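Novice: Using only what follows, build the 3D model:
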Amino acid sequence: MPRRLSRPPNARRWGHLKKEVISTTAEAARRLAVTKQHLAGPLPRRASPSDILAVVRDLAYVQWDPITIVAPSHIISLWNRLGDFQLSDLENLMWREKKLFEHWTPIASIVLTEDYPLYHSLMERYPQSLTKSWGSQRARAAKFLAQHSRLRRSMLDQLRRGPLQLSQFEEYVKTKRSEDGWSSGSDVSSMLFHLHMTGNVMVVGHEGNQNVWGLTNSFLPAWVEKKPLSEKEFERRAAIRAIGALGTATSKEIWYYFVRGRYENLKESLTKLEEDSTITRVRLEGSETKEVRYICGDDVPLLKSMGGDSWEPRMSLIPPFDNMLAGNDRLNRLFGFKYVREQFLPLEKRKYGTYVLPILYGSSYLGRLDPTMDREAKKLLINSVHAEPGAPKDRAVGSMISETVERFAEFLGAEEVVYTPHVPTQWKSSLR
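Specialist: Numbering: from 1, shown residues only. Purely as a prediction, here's the structure:
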């Protein structure tokens, strides 16, 4: 049960004395993280568009990735949190109602249009809004924009006539991928990236896996607020959103989660948030690390409830680019779980498979599952299942995994689930 540590009588008057700290267990912190990520408790009976918005709001973003070995990562992320939601609801929210949009954070992500002031603040200051963590990218961006002003004018003129895909711009010439891996290597692709970061253009639709680009001023609804925030207010809002999504977080975890690598004075921002009691320090009992961990003040009562019997665990199949997997250090230290996106490794170096989904039950990662969707045959193929060391061996766990996979297969439109013999012995009776 979390408890507040004692503090000197004059601690509030003398700011240099010990800060208020809440002591809690690592298990309570894990449960809070899972709860704040919408991965605990019952699923909505019938997910609505407002449920989709609530998930994106509480997570701050959902990483967008089009790879369809099984299903796009963002679709799996939403399914874990919403159950059998309607894909058409997501499409409507993005392209018709425009309550969601796609932005680089600096990963392609689905974000809230109501959060536009946060991104607009970065856009207004780009490329100066790139911090030192971006290396030489700020100088390179400024140089590229200065050297290609004619290309910029031409591309914006073309977009005034209507949205375009990358290959439809007059100047586009296909080349090999750029050294930084961020673009196809062409000047047009690089300019689209920079115009996206400055807020001049945005993704207004998709044709298959290809982005369709349009002018931001033509696409965004009139109700969108474009008032730029000061750097201090931006950092304040962003840090609160990151901590709220993670449950508890260190400054490194905040910096990495949202908005990644865009804080200039995070330490100062956290100090001020702590001074006005918006956030509070948390100490994990038994932890040897001296790194400061924070929690939003509004979440303290929720943290206190994490040790009770009312907390309801749920089983989820976490996709490779899910928010729960953001930050290997956090994943390893808080959950004791190591994850490698093996689809980026040569075949001979893959240990668990190609598109590996960690199996999360409650606050623990129990195993890993490597599926493939055969759309032609309408089969979900489970190439292998691996149990984590110490994972429960009872049949009930195997049954829960089987039931979760069945629900997932039904959502994907599969009529059959096919397992290979590569499943843990303790769950074999259920996974066949």
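
Novice: could you pull out the helices for the stretch 101-250 of the chain?
Specialist: Taking DSSP state H, counting those that start in this stretch to define them, one finds helices in the stretch 101-250 of the chain at 116-125, 137-147, 149-160, 187-198, 216-219, 231-246.

Novice: which one's the longest strand in the chain?
Specialist: strand 364-374 (DSSP state E).

Novice: from the middle of its chain, how far away would stretch 403-416 be?
Specialist: Computed by CA atoms, centre = their mean, to the nearest Å, the chain-centroid distance of stretch 403-416 equals 24 Å.

Novice: List the contacts of that stretch.
Specialist: With contacts defined as CB atoms under 8 Å, 6 or more residues apart in numbering, stretch 403-416 is touched by 70-71, 79, 83-84, 315-317, 359, 369, 371, 373-375, 378-380, 382, 417, 431. C-beta: built from backbone N, CA, C; applies to glycine.

Novice: Any of those residues buried? List them.
Specialist: 70-71, 79, 83, 315-317, 359, 369, 371, 373, 379-380, 382, 417, 431 (16 or more other CB atoms under 10 Å).

Novice: Narrow those to those in helices?
Specialist: residue 79 (DSSP state H).

Novice: need the contact list for residue 101.
Specialist: 94, 110, 111, 113, 116, 202, 203, 220.

Novice: Identify the farthest-apart pair in those residues.
Specialist: 110 and 220 (15.4 Å; CB to CB).

Novice: who has more neighbours, the two?
Specialist: Higher neighbour count among residue 110 and residue 220: residue 110, with 23 against 18, using other CB atoms under 10 Å.

Novice: Surely that one is in contact with residue 56?
Specialist: Yes - counting by CB atoms under 8 Å, residue 110 touches residue 56, with 6.2 Å between them.

Novice: Now do the shared contacts for these two.
Specialist: With CB under 8 Å, 6+ apart as the test, residue 110 and residue 56 both reach 62, 100.

Novice: what residue ranges in the stretch 151-300 of the chain are flagged as low confidence?
Specialist: Low-confidence segments of the stretch 151-300 of the chain (pLDDT under 70): 175-185.

Novice: tell me the strands in it, going along the chain?
Specialist: Per DSSP state E, counting those that start in this stretch, the stretch 151-300 of the chain carries strands over the ranges 164-165, 201-207, 210-215, 248-250, 279-284, 293-296.

Novice: okay, these, which one's buried deepest?
Specialist: Of the strands of the stretch 151-300 of the chain, the one with the most neighbours on average (mean count of other CB atoms under 10 Å) is strand 248-250, at a mean of 27.

Novice: that older thread, would you mind giving the strands of the stretch 151-300 of the chain as JSON lines with distance to residue 62 added?
Specialist: Converted to JSON lines, the strands of the stretch 151-300 of the chain look like this (distance: least, CB to CB, whole Å):
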{"stretch": "strand 164-165", "distance to residue 62": "23"}
{"stretch": "strand 201-207", "distance to residue 62": "14"}
{"stretch": "strand 210-215", "distance to residue 62": "17"}
{"stretch": "strand 248-250", "distance to residue 62": "18"}
{"stretch": "strand 279-284", "distance to residue 62": "24"}
{"stretch": "strand 293-296", "distance to residue 62": "20"}
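
Novice: Residue 425 is nearest to which of those strands?
Specialist: Taking the strands of the stretch 151-300 of the chain one by one with CB to CB, strand 279-284 is closest: 34.4 Å.

Novice: How about residues contacting that closest one?
Specialist: 2, 5, 19-26, 29, 239-240, 243, 248, 270, 273-274, 292-297, 300, 303.

Novice: what's the angle from it to helix 231-246?
Specialist: Between strand 279-284 and helix 231-246, the angle comes out at 40 degrees (axes from the mean of the first three to the mean of the last three CA atoms, to 10 degrees).

Novice: Specify the helix with the largest residue count in this structure.
Specialist: Criterion DSSP H: the longest helix present in the chain is helix 395-412.

Novice: Quick check: chain neighbours aside, which residue is closest to residue 305?
Specialist: residue 311 (7.3 Å; CB to CB, 6 or more residues apart in numbering).

Novice: In which helix or strand does the one you found reside?
Specialist: Under DSSP states H and E, no helix or strand contains residue 311.

Novice: List the contacts of it.
Specialist: 31, 35, 40, 305.

Novice: try residue 232
Specialist: 265, 269.

Novice: mind giving me the domain split of this structure?
Specialist: In the domain annotation for the chain, the residue ranges read 1-114+224-312, 340-427 (automatic domain parsing).

Novice: wait, which of those is closest to residue 174?
Specialist: The nearest among the domains of the chain, by CB to CB, is domain 1-114+224-312 at 19.1 Å.

Novice: Centre of the chain to that closest one, how far?
Specialist: How far domain 1-114+224-312 lies from its chain's middle: 10 Å, per CA atoms, centre = their mean.

Novice: Same question for stretch 138-156.
Specialist: Here stretch 138-156 is found 30 Å from its chain centre; the criterion is CA atoms, centre = their mean.

Novice: tell me the contacts of residue 142?
Specialist: Neighbours of residue 142 in contact, by CB under 8 Å, 6+ apart: residue 127.

Novice: Now with 10 Å, please.
Specialist: Contacts for residue 142 (CB atoms under 10 Å, 6 or more residues apart in numbering) come out as 126, 127, 128, 130, 194.

Novice: What of residue 254?
Specialist: By CB under 10 Å, 6+ apart, the contact list for residue 254 reads 235, 238-243, 245-246, 260, 263, 266, 269-270, 279, 294, 327.

Novice: Quickly note the distance from it to residue 70.
Specialist: Using CB to CB, to the nearest Å, residue 254 is found at 31 Å from residue 70.

Novice: Packing partners of the longest strand of the chain?
Specialist: helix 26-36, strand 315-317, helix 328-335, strand 357-361, strand 379-387, helix 395-412, strand 416-419 (3 or more CB pairs under 10 Å, 6 or more residues apart in numbering; DSSP states H and E).
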